[in-house]
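J.: based on what follows, work out the 3D shape:
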Amino acid sequence: MLDAWAVMALLQDEPAAPRVQDAIATRDVCMSSVNLGEAYYSIVRRRGRRFAIDRIESIRRIVRIEDPDWDLTRAAADVKARGGISYPDAFCVATARRHASPLYTGDPEIIKLDGDGLEVVDLRSTR
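T.: Below you'll find the predicted structure:
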């Protein structure tokens, strides 16, 4: 499971990019469409719509994208109701829990949830 932080690290060739590439190459990685939208709007703001479309389409070709249904939306709302996390991040957490999948991120708010029914891979670390 990837969040927007992981995708942005990959697309901007940040130090965590090789670990994200490895996860994509070795796992059936998925991502919530809500979090992909979060990455999209971040890129639009920085580089423009055309550039963002090209970059996001490259991710869509290599990562399975999951659209939220009501059960997932409710699960994300439950995560959000506990506080300390954005609504898009709550979708990422809920999607990772649904699939019992490790969540690759560098987002400190998500990393704090490690072990709370969630396995988090901290992309900020060197391991």
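J.: what does stretch 38-57 contact?
T.: Residues outside stretch 38-57 that contact it (Cβ atoms under 8 Å, 6 or more residues apart in numbering) are 4, 7-8, 11, 36, 59, 88. In this view, the C-beta of every residue, glycine as well, is placed from N, C-alpha and C.
J.: ok, now which ones touch the residue nearest to Asp67 when sequence neighbours are not counted?
T.: Of all residues not flanking Asp67 in the chain, Ser33 sits nearest, at 4.8 Å (Cβ to Cβ, 6 or more residues apart in numbering). Residues in contact with Ser33 (Cβ under 8 Å, 6+ apart) are 65-68.
J.: buried residues, the lengthiest helix in the chain. List them.
T.: The longest helix of the chain (DSSP state H) is helix 33-47. Buried residues in helix 33-47, counted by 16 or more other Cβ atoms under 10 Å: 34-36, 38-40, 42-44.
J.: next: stretch 54-74.
T.: So for stretch 54-74, counting by 16+ other Cβ under 10 Å, buried means 55-56, 59, 63, 66, 68, 72.
J.: from what I see, Glu119 and His99 are in contact.
T.: No: with contacts counted by Cβ atoms under 8 Å, Glu119 stays clear of His99, the gap being 11.0 Å.
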